[in-house]
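> need coordinates for the following:
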Amino acid sequence: MKKIFLTITAIWCTGFNLCAQQTDSNGKMQLIKSLEQTISRYKATVGLAVYEQQTGDTFSINNHIAFATQSVYKFPLALAVLSRVESGKISLQQKVFLSKEMLDRFSWSPLKKQNPGSNFYMSVDSLLMYMITYSDNLSCDLLFQLLGGTQAVDAFIRNKGFNDIHIKFTEAEVGAKPQRMYENTSSPVAMTRLLEAFHERKILNEANTRYLLNFMINDSTSHMRLLGQLPDSIKAAHKTGTGSWNDTLIGACNDVGIIYLPGKGHVTISVFVMNANENYENTEKLIAILAKDIYDYYRRKN
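Next up, the predicted model:
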């Protein structure tokens, strides 16, 4: 059975005012036990971190593991892009050139499919929309290129105080050598802290926070993970990440996001599943079950 680590308050307080009174009720301990039991039934390495806004509850499971983020890292990339917009160094209307050479690097891309012509321009605004709403890899790498590479985004995240998030390789580089997926990593707590800091307007201004939240709420990737077992009326601003290692192993199946509770408040959840020896449907179902148990617990408390 996988070991559980309860995150202490100090982990959450670094620079982002997330220090709320912690509760350690029997109910929360039962929730954690239930989550652990669910995880133990799957052949996978699983980590998660939770922050609930109304109560200030925080806890994590397997936060000591660096999980492969895959497309989850498009969320911090979007933050870096919009920070450059706020500083005036780039604009959302700025045009980026898409060469045939760049297009040919990607066999699958919604952007490429919807814009079959070669050698054309697209705005930063459109690239962000494709990257977040469709999880498009081509637009992701173009935005990395615009900012000066993965090193620039990694430095931006570290300068914001998130030392447990590592961004080293582009989508094309991971595609060329799939084992590189394990070097784009995050701890569950770090990603949940980043999501919450973003939602609290600690990373971007009001306008750009709302702008990115809209893309994340209207995400068109899988809704069978965090949202998979939640009522249809519930909204979540989230970002998925997926990567196969070989025919029998799912290298990464992730979903991180802010789930809006009925009435008021929200719960921020990061769930990472790595090296799953399960089929794709079962792996997504695992995330859905964990999210539903967490949602039900905090919905009752509110």
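> without its sequence neighbours, what residue ends up closest to residue 70?
Once flanking residues are discounted, residue 70 sits nearest to residue 241: 3.5 Å by C-beta to C-beta, 6 or more residues apart in numbering. Heads up, the C-betas are built off the backbone N, CA and C, glycines and all.
> in three-state terms, label the one you found for me.
Following DSSP: H, G, I helix; E, B strand; the rest coil, we place residue 241 in the strand state.
> so for it, what's the pLDDT?
Per-residue pLDDT puts residue 241 at 97.
> now do residue 178
Per-residue confidence (pLDDT) for residue 178: 93.
> just checking, it touches residue 245?
Yes. Under the criterion of C-beta atoms under 8 Å, residue 178 makes contact with residue 245 at 6.3 Å.
> who touches both of these two?
Residues touching both residue 178 and residue 245 (C-beta atoms under 8 Å, 6 or more residues apart in numbering): residue 251.
> one step back: hey, what's the residue nearest to residue 70 bridged with?
Legend: beta-bridge partners of residue 241 under DSSP bridges are residue 254.
> now what about the longest helix seen in the chain, what contacts it?
Assignment by DSSP state H gives helix 280-301 as the longest helix of the chain. Helix 280-301 has contacts (C-beta under 8 Å, 6+ apart) with 27-28, 31, 34-35, 38-39, 42, 44, 46, 48, 50, 52, 54-55, 57, 222, 224-230, 234, 250, 253-255, 259, 261-262, 265, 267, 269, 271, 273, 276, 278.
> are any of those residues buried, and which?
28, 31, 35, 39, 42, 44, 46, 48, 50, 52, 55, 57, 222, 224-230, 250, 253-255, 259, 261, 265, 267, 269, 271, 273, 276, 278 (16 or more other C-beta atoms under 10 Å).
> among those residues, which ones are in strands?
Taking DSSP state E, the ones among those that sit in strands are 46, 48, 50, 52, 250, 253-255, 259, 267, 269, 271, 273, 276.
> for those residues, which one is nearest residue 154?
The shortest gap between residue 154 and any of those belongs to residue 254, at 18.5 Å (C-beta to C-beta).
> is it true that that closest one touches residue 72?
Yes. Using C-beta under 8 Å, residue 254 is in contact with residue 72, at 5.1 Å.
> what ranges do the helices span in the stretch 101-250 of the chain?
110-114, 124-133, 137-147, 150-159, 171-176, 188-199, 206-217 (DSSP state H, counting those that start in this stretch).
> give me the contact list for the fourth one.
It stands for helix 150-159. Counting by C-beta under 8 Å, 6+ apart, 76-77, 79-80, 83, 144, 147, 165-170, 194 sit against helix 150-159.
> for the second one, same thing?
Surrounding helix 124-133, the residues in contact under the criterion C-beta under 8 Å, 6+ apart are 74-75, 77-78, 81-82, 85, 90-94, 96, 110-111, 136, 138-140, 142-143, 146, 212, 215-216, 218-220, 239.
> from these, which would you call buried?
Neighbour-count burial (16+ other C-beta under 10 Å) applied to those gives 74-75, 77-78, 81-82, 85, 90, 94, 96, 110-111, 136, 138-140, 142-143, 146, 212, 215-216, 219, 239.
> now for residue 85: which residues touch it?
By C-beta under 8 Å, 6+ apart, the neighbours of residue 85 are 91-92, 124, 208.
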